[in-house]
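In: Generate coordinates for the sequence data below:
(one chain, ligands or ions: 1)
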Amino acid sequence: MTTDDLARRAGMSYVPGGTFAMGSIGFYPEERPISNVTVTDLWVDRHPVTNGQFARFVAETGHVTVPERAPSAEDFPGADPELLVPGSQVFTPTRAPVPLDDWTRWWRWQPGADWRHPSGPGSGIDDRADHPVVHVGWEDATAYALWCGKRLPTEAEWEHAARGGLDGATYPWGDEFCPDGRFMANTWVGRFPYENLHPHGFVGTSPVGSFPPNGFGLHDVAGNVWEWTSSLWTERPTPPPALSPGQASPMSRPEGRSCCAPQTQAALSEEDRRVTKGGSHLCAPSYCHRYRPAARQGQGVRSTTGHVGFRCVAPA
Ligand SMILES: [Cu+2]
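Out: Model prediction:
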């Protein structure tokens, strides 16, 4: 193993590959059916990439994230030009119950919101160096991974790692949400989106590693922030083609493009969606019971919010 390899694997856990039961039939249709999927051995970041880590990447590369760039009028024909400014989606709790089928009640487009200003102008990350970076698009996550010699996990790799060896369990730690009364993840406790009881002590994101790791030593695989994967969104999980050991995911390396150019993925369009996994601090059983390894959502590659981040993997 070279010095580079050792440096790269600092902060990562070795996750032995194997065949596991991917998916779930107990919750949402997009998680069905359960199928046996095989993944290779892998190194996996022990926690989501933090603001502190992302800051080093930006300082070294000058990377400009998706929310820091104005959306192009070409991509949003007919849009009010005043809305075509840099910004991102920010969550605001409501004061009272609202219909849960209308997410615009609690998400707002906030000009000036980005990873350094998670709630918009005037907010900052000085006291959040160890929180997961948020307001990053899929291109930003991919660029970061390339920069540090890693890649994003596929959906199957992510789910296998998050299960921590507990095949078929509902949560990364077992089947009981609060074993012995202990909160195991940063999720929304209370009636969403107006009553945030935060019995675990956190409103919004939490410092990585605030909750116990799973069986593979991985923290925050449930709750805190959703995490980007390299997998294209499909309504149902399709087992990815088996990768030979050491082979990078086909999606992780946009050919001939530097990791730091503002447009790392010229071929991407606004409509493209990738799978995100793990649920977030905004997931509540009454609304979104997705702080589980099998849970999945399709996120627009440039649809950034304050509850989506990522972690990286490297071949074993
Ligand atoms: Cu959710």
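In: Would you mark the buried spots in the longest strand seen in the chain?
Out: Ranked by residue count, the top strand of the chain under DSSP state E comes out as strand 226-232. Buried residues in strand 226-232, defined by neighbour count with 16 or more other C-beta atoms under 10 Å: Trp226, Glu227, Trp228, Thr229, Ser230, Ser231. Heads up, the C-betas are built off the backbone N, CA and C, glycines and all.
In: all helices for the stretch 51-200 of the chain, in order.
Out: For the stretch 51-200 of the chain, the helices defined by DSSP state H, counting those that start in this stretch cover 51-61, 138-147, 155-163.
In: Report the beta-bridge partners for Ala314.
Out: Beta-bridge partners recorded for Ala314 (DSSP bridges): Trp43.
In: Now do the contacts for it.
Out: Arg8, Arg9, Met12, Leu42, Trp43, Gly149, Lys150, Arg151 (C-beta atoms under 8 Å, 6 or more residues apart in numbering).
In: Kindly give a single PyMOL line that selects the buried subset of the residues you listed.
Out: In PyMOL, a selection of the buried entries from the contacts of Ala314 looks like this (16+ other C-beta under 10 Å):
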select buried, resi 8+9+12+42+43+150+151
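In: Between the contacts of Ala314, which sits nearest Leu100?
Out: Nearest to Leu100, judged by C-beta to C-beta, of those is Arg151 at 35.5 Å.
In: pretty sure Arg163 is touching Gly174, no?
Out: No. Using C-beta atoms under 8 Å, Arg163 is not in contact with Gly174; the gap is 10.7 Å.
In: What about the closest residue to Thr170 other than its chain neighbours? Give its phi and psi, please.
Out: Excluding the flanking residues, the one nearest Thr170 by C-beta to C-beta, 6 or more residues apart in numbering is Arg292, at 5.8 Å. The phi/psi pair for Arg292 (degrees, to the nearest 10) reads phi -140, psi 150.
In: Next: the one 3 residues further on.
Out: Phi and psi for Ala295, reported as degrees, to the nearest 10, are phi -70, psi 150.
In: Next up, the contacts around it.
Out: Contacts for Ala295 (C-beta under 8 Å, 6+ apart) come out as Ser24, Phe27, Tyr28, Glu31, Lys277, Gly278, Gly279, His289.
In: out of those residues, who's near the ion?
Out: Gly279 (C-beta under 5 Å from the ion).
In: Relative to Asn186, which of the contacts of Ala295 is nearest.
Out: Of all these, the one with the least separation from Asn186 (C-beta to C-beta) is Gly279, at 9.5 Å.
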